[in-house]
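Asks: Quick one: sequence and predicted model below, then my questions.
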Amino acid sequence: MSLLNDILEHMELGPDQLAAYIDEYETVQPYDCMIDTAKAVVAFSAQDYKTAKNWIQSALQKNPANYLNHFYYALIS
């Protein structure tokens, strides 16, 4: 199961809890290509749209072929 799926399944948790989970995950799997996407989704759910846009743009730069990055970019922008 991917990080993004874990985040989406636990959206009932607060943004701070989700961000802490992502940070813990990142220490174990620092090269996962979906970390920035997950951070963007959490920021978007917290209504921090500027931060969400920055994270999703970073995700697009790191992995431009991933369709989920384009999907979330369209939702966030």
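Replies: The structure has been received and is ready for your questions.

Asks: Tell me where the chain has helices.
Replies: 3-9, 15-28, 35-45, 49-62, 67-76 (DSSP state H).

Asks: Now tabulate those in a markdown table and tack on mean pLDDT and mean neighbour count.
Replies: Every C-beta, even on glycine, is put in place using the N, C-alpha and C of the backbone. Output for the helices of the chain, formatted as a markdown table (pLDDT from 0 to 100; neighbours: other CB atoms under 10 Å):
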| stretch | mean pLDDT | mean neighbour count |
| --- | --- | --- |
| helix 3-9 | 90 | 15 |
| helix 15-28 | 95 | 14 |
| helix 35-45 | 96 | 23 |
| helix 49-62 | 97 | 17 |
| helix 67-76 | 95 | 15 |
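
Asks: Give me the neighbour count for Gln47.
Replies: 9 (other CB atoms under 10 Å).

Asks: Please tell me how far it sits from Phe71.
Replies: As defined by CB to CB, to the nearest Å, Gln47 lies at a distance of 19 Å from Phe71.

Asks: which residues does the nearest residue to Thr37 once chain neighbours are set aside contact?
Replies: With CB to CB, 6 or more residues apart in numbering as the criterion, Thr37 has its nearest non-adjacent residue at 4.5 Å, and that residue is Ala59. Going by CB atoms under 8 Å, 6 or more residues apart in numbering, Ala59 touches Cys33, Met34, Asp36, Thr37, Ala40, Asn66, Asn69, Tyr72.
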